[in-house]
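Colleague: using only what follows, build the 3D model:
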Amino acid sequence: MDGNRRWAKKRLLPAALGHAAGAKRVRAIVEACARANIAHLTIFAFSTENWRRPEEEVMMLMNLFSSYLQKEVDQMEENGVKLVVVGDKSKFSPDLQTLIRKAELQTQHNTKITLRVAANYGGRWDVIQATKAWQAANPDASIESISEEALVPYLSTGDAPEMDLLIRTGGESRVSNFMLWQAAYAELFFIDTLWPDFTNKQFNEALDWFSKRDRRFGSAAPF
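Modeller: Predicted coordinates for the structure are as follows:
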């Protein structure tokens with residue numbers, strides 16, 4: 001969800017208002033996914049690299065995350081949204097960790113759509129932590145015995161299907177350490193629109209573009 005700060009800068013507004021505007025777009029896109037019968041959506045809210053931003057902005061993002069959890073969880077429960085936060089949550093304050101746990105527990109039985117919020121998440125971190133978790137679960141096994149199939153359940157998205165479509169707003173054409181394992185065969189859709197301006201119409205255009213892709217997963221195209 002790239003472009004919040006640039007959106008604010010263009011309007012001579014503080015970055016905080018850009019992030020707030022971006023947060024408002026999340027609900028609309030979740031609702032659009034539900035209408036399209038998309039069962040899994042992951043949004044990249046805060047990366048492991050985002051700690052390098054100014055302390056004031058980081059604190060504002062943490063406060064926004066806390067506010068979002070408090071304001072939206074009842075609506076998520078009512079609309080059948082299951083919330084799962086993926087990432088290294090140990091870096092967050094105890095209060096924020098408590099809010100995360102409460103929100104996940106409150107929505108854990110919902111089945112309409114699973115919304116994963118990647119927070120303090122990095123694709124490299126995910127592979128490393130999965131490998132460590134596999135080794136802890138198989139202390140007597142040699143690392144030589146590990147396989148892709150054995151590692152997948154230990155990824156932060158171990159209970160999710162393979163990623164189909166990755167959308168990045170904001171005009172950058174890179175994945176920025178997001179779901180590196182999971183996106184191995186995802187279709188990548190890049191758009192210049194800044195995240196707060198990303199409309200449902202553009203989201204549907206991305207889905208239409210995806211529906212026309214020839215997905216072969218490494219196999220040869222038929223003659």
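
Colleague: what segments of this structure are strands?
Modeller: For the chain, the strands defined by DSSP state E cover 40-47, 81-86, 113-121, 165-168, 187-190.

Colleague: and the ones you listed: which comes nearest Ala150?
Modeller: strand 81-86 (19.7 Å; C-beta to C-beta). (C-beta placed from N, C-alpha, C; glycine too.)

Colleague: helices or strands up against that closest one?
Modeller: Other helices and strands packing on strand 81-86, by 3 or more C-beta pairs under 8 Å, 6 or more residues apart in numbering; DSSP states H and E, are helix 55-78, helix 94-107, strand 113-121.

Colleague: got phi/psi on Leu13?
Modeller: Torsion angles at Leu13 (phi, psi; degrees, to the nearest 10) stand at phi -110, psi 160.

Colleague: tell me how far it lies from Ala39.
Modeller: 36 Å (C-beta to C-beta, to the nearest Å).

Colleague: spatially central residue in the chain, please.
Modeller: Among the residues of the chain, the one closest to the centroid is Ile43, at 2.7 Å (C-alpha atoms, centre = their mean).

Colleague: how about that one, what does it touch?
Modeller: Counting by C-beta atoms under 8 Å, 6 or more residues apart in numbering, Ile43 makes contact with Met1, Val26, Ile29, Leu115, Arg116, Val117, Ala118.

Colleague: low-confidence ranges, the chain, go.
Modeller: Low-confidence segments of the chain, defined by pLDDT under 70: 219-223.

Colleague: hmm, back to that, can you lay out the contacts of Ile43 as a markdown table showing neighbour count?
Modeller: As requested, these are exported to a markdown table (neighbours: other C-beta atoms under 10 Å):
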| residue | neighbour count |
| --- | --- |
| Met1 | 20 |
| Val26 | 18 |
| Ile29 | 20 |
| Leu115 | 24 |
| Arg116 | 23 |
| Val117 | 22 |
| Ala118 | 23 |
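
Colleague: for those, work out which two are farthest apart.
Modeller: Of all pairs drawn from those, the greatest distance, 14.5 Å, lies between Ile29 and Ala118 (C-beta to C-beta).

Colleague: look up how far Gly3 lies from Trp195.
Modeller: When distance is defined by C-beta to C-beta, Trp195 is 5 Å away from Gly3.

Colleague: mutual contacts of those two, please.
Modeller: The contact sets of Trp195 and Gly3 overlap at Gly22, Thr169, Gly170 (C-beta under 8 Å, 6+ apart).

Colleague: can you redo those as JSON lines with distance to Glu104 and neighbour count?
Modeller: Listed next are the shared contacts of Trp195 and Gly3 as JSON lines, based on distance: C-beta to C-beta, whole Å; neighbours: other C-beta atoms under 10 Å:
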{"residue": "Gly22", "distance to Glu104": "22", "neighbour count": "25"}
{"residue": "Thr169", "distance to Glu104": "26", "neighbour count": "25"}
{"residue": "Gly170", "distance to Glu104": "28", "neighbour count": "19"}
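
Colleague: just those now: which is nearest Asn200?
Modeller: Compare each of the shared contacts of Trp195 and Gly3 with Asn200 using C-beta to C-beta and the shortest gap goes to Thr169, at 13.3 Å.

Colleague: understood, closing this out.
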